[in-house]
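>>> Requesting a structural model of the entry that follows:
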Amino acid sequence: MRKILSTHPLHPRATAMLAGAGRLAIASALDARTLTAEARDADIVIVRAPLPPDLFDGAKDLRAAIRHGAGLDMIPVEAATAAGVLVANVPAVNARSVAEHVMFTALALSRRFRVMDRDLRAKGWLAGREHANSTSELAGKTIGIVGLGAVGQAVGHIAAHGFDLNVVATTRSLRPAPERVGFLSIDALVEQSDIIVLCCPLTEETRGLISRERIGRMKPHALLINVSRGPVVDDEALIEALRKSRIGGAALDVFSTQPLPPNHPYFGFDNVIATPHLAGITEESMMRMGVGAANEALLVLANKLPVNLRNPEVIEHYRRRFPAGG
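As a prediction, the model looks like this:
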């Protein structure tokens, strides 16, 4: 019976979809050795945790690694391609969830929710209410979006149409700007924005993109929101800027080291919101991602190519391994 290995449990609807296609197994642990061992007899791997490159060497029956979501940084695509394994993902389905999280954190930082809530509970009504004097509205401010894919476009739409923010963006692709979005260079964007939102993928171009020099260009009250990947930001430079009150605050959902150590400096700032890589996780998005990944798995098991194939250069090698495979 065909084996579908998922690094994490799937939404019940996705589990039901796969029930007749093979045996769904959930990884017993997420370390490299366990994943490699448990993928050895798998036909499909559904991915929500980083896969080690060595996994593809011993998985002789493996047809596809399917990302439960959009970002491919958890899949060593080169190793998969070299082994003749298809790589697919489920793009855009959690864009709304991430965009809503961005606006939630922008509001929470602007209205000083963390310290207001803490002091209201610990010190009383007037102590909590006092923080209102130094809060601000979003309307009329400029939000700068780095990366204008599905998430960036969703952020821009909500920001412009829901909160009357001025929206600017920087992106690698030169497609026409969506309504009410203006394009800027990355340096102009960090200088002019009151809120900077990182929605870009992690690539060699974007690693360290928010550098010490660029953080130094930000407005003193600027808010930095990262829902992309941790290494896009120079952590040491951001921590130094927060300590010196060089920027207004940060909302960070992703980190260079995950899980974030409990003694990490980010936890010591009242103007930092740290969340455990959950911006794209809601009941609705988990259903969409699970169903999307299950659909791709079913296509591959039916000897068809996935809709969202991300390494098309593998097809010839893949068809030598599985002659009926699409």
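
>>> use CA for all of it now, contacts and neighbours both
OK.

>>> Next one: Q258 from T34, what distance?
Distance from Q258 to T34, counting by C-alpha to C-alpha, to the nearest Å: 19 Å.

>>> More neighbours: these two, which one.
Taking neighbours as other C-alpha atoms under 10 Å, Q258 and T34 compare with T34 leading, 13 against 10.

>>> Which helix or which strand is home to the more buried one?
Per DSSP states H and E: T34 is located in helix 32-38.

>>> do A237 as well
Per DSSP H and E: helix 235-243 holds A237.

>>> returning to what we had before: so for the helix holding T34, mean pLDDT?
The average pLDDT for helix 32-38 rounds to 98.

>>> immediately after it, which helix or strand?
Next element after helix 32-38 (DSSP H and E): strand 44-47.

>>> Give me the packing partners of that next one, helices and strands only.
strand 3-6, strand 64-67 (3 or more C-alpha pairs under 8 Å, 6 or more residues apart in numbering; DSSP states H and E).

>>> rerun that using 10 Å as the cut-off
Counting contacts by 3 or more C-alpha pairs under 10 Å, 6 or more residues apart in numbering; DSSP states H and E, strand 44-47 packs against strand 3-6, strand 23-26, strand 64-67, strand 86-88, helix 283-301.

>>> Please save the CA atoms from the helix or strand that comes right after that strand in CSV.
For strand 44-47, the following helix or strand on the C-terminal side (DSSP H and E) is helix 55-58. What follows is helix 55-58, C-alpha atoms only, in CSV (Å, rounded to 0.1, in the frame of the first residue of the first chain):
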residue,chain,number,x,y,z
LEU,A,55,16.4,12.1,2.9
PHE,A,56,16.2,11.9,-0.9
ASP,A,57,19.2,9.6,-1.2
GLY,A,58,17.5,6.6,0.5
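
>>> May I see the domains of the chain written out as residue ranges?
The chain breaks down by automatic domain parsing into domains covering 3-92+283-321, 95-274.

>>> and the shortest one, how far apart are its ends?
Across its full length, domain 3-92+283-321 reaches 17 Å end to end, with C-alpha to C-alpha as the criterion.

>>> chain center to it: distance?
On the basis of C-alpha atoms, centre = their mean, to the nearest Å, domain 3-92+283-321 sits 18 Å off its chain's mean C-alpha point.

>>> One more: the last one?
Using C-alpha atoms, centre = their mean, the mean C-alpha position of domain 95-274 is found 14 Å from that of the whole chain.

>>> Can you pull out the residues in contact with stretch 308-319?
63-64, 66, 70, 72, 77-78, 80-91, 292-293, 296, 303, 305, 321-326 (C-alpha atoms under 10 Å, 6 or more residues apart in numbering).

>>> Show me how to select, in PyMOL, the buried members of those residues.
To isolate the buried ones among these in PyMOL, judged by 16 or more other C-alpha atoms under 10 Å, type:
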select buried, resi 63+64+66+70+72+77+80+81+83+84+85+86+87+88+89+90+91+292+293+296+305+321+325
